[in-house]
Structures are given as C-alpha cells and as structure tokens.
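Colleague: Quick one, what's the 3D model for this:
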Amino acid sequence: MANSLRTSLNTPVPQRRLPHFGFHTHTELLNGRLAMLGFIALVAVEWKLGHGLLIWP
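Modeller: Next comes the predicted model:
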C-alpha cells in the first residue's frame, strides 16, 4: 500500500470497507426498478386475463 495513511507512530490507519449487503444506493435503485417491473407485469397480466390475480373467491 503505497498511498496508505500513517499515524505519527508510522503505523497504518485502518481503512473501512463497505459491506456487500445492506442499504446502499445501488441496491435500493435496483430494488425499486425491479418492483416497478413487477407491478407493470402484474397490471399487464390482470389486463390480459380480464380480472385481478389477487382476488378472493
């Protein structure tokens, strides 16, 4: 690590890495886009069938 930060005792400062899970901008955007696609697919199927999929008999 050539560009790592060092303390006054010349020890490296630990760098925090982002976790691979949790609430991040890119995962929230993907989740929102997939939800929109699912909603549009549900509306298209209901329009094609002529009745709702989520109805109680």
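Colleague: for the helix or strand containing Asn31, what is the average pLDDT?
Modeller: Using DSSP states H and E, Asn31 falls within helix 25-49. Averaging pLDDT along helix 25-49 gives 92.
Colleague: so Arg6 touches Val13, yeah?
Modeller: Yes: counting by CB atoms under 8 Å, Arg6 touches Val13, with 6.7 Å between them. No exception for glycine: its C-beta is placed from N, CA and C like everyone else's.
Colleague: how much space between Arg33 and His26?
Modeller: Distance of Arg33 to His26, computed by CB to CB, to the nearest Å: 11 Å.
Colleague: Just want the most central residue of the chain.
Modeller: Compute the mean C-alpha point of the chain, and by CA atoms, centre = their mean the closest residue is Thr27, 1.6 Å away.
Colleague: before we move on, back to that, neighbour count: Arg33 and His26, which is higher?
Modeller: A count of neighbours by other CB atoms under 10 Å puts Arg33 above the other of Arg33 and His26, at 10 against 7.
Colleague: The residue lying farthest from the centre of the chain and Arg16, how far apart?
Modeller: In the chain, counting by CA atoms, centre = their mean, Leu9 sits farthest out from the average C-alpha position, at 40.3 Å. Separation of Leu9 from Arg16 (CB to CB): 20 Å.
Colleague: same deal with Phe39?
Modeller: 36 Å.
Colleague: Give me the more crowded residue out of those two.
Modeller: Comparing Phe39 with Arg16 by neighbour count (other CB under 10 Å), the higher total belongs to Phe39, at 10 against 5.
Colleague: Distance from the chain centre to the helix holding Asn31, please.
Modeller: Chain-centre distance of helix 25-49: 14 Å, with CA atoms, centre = their mean, to the nearest Å.
Colleague: Other residues contacting it?
Modeller: 52-53 (CB atoms under 8 Å, 6 or more residues apart in numbering).
Colleague: try stretch 8-19
Modeller: Stretch 8-19 has contacts (CB under 8 Å, 6+ apart) with 1, 4-7, 24.
Colleague: Distance to His51 and secondary structure added to the residues you listed, as TSV?
Modeller: Converted to TSV, the contacts of stretch 8-19 look like this (distance: CB to CB, whole Å; DSSP: H, G, I helix; E, B strand; the rest coil):
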residue	distance to His51	secondary structure
Met1	62	coil
Ser4	63	coil
Leu5	63	coil
Arg6	68	strand
Thr7	68	coil
His24	39	coil
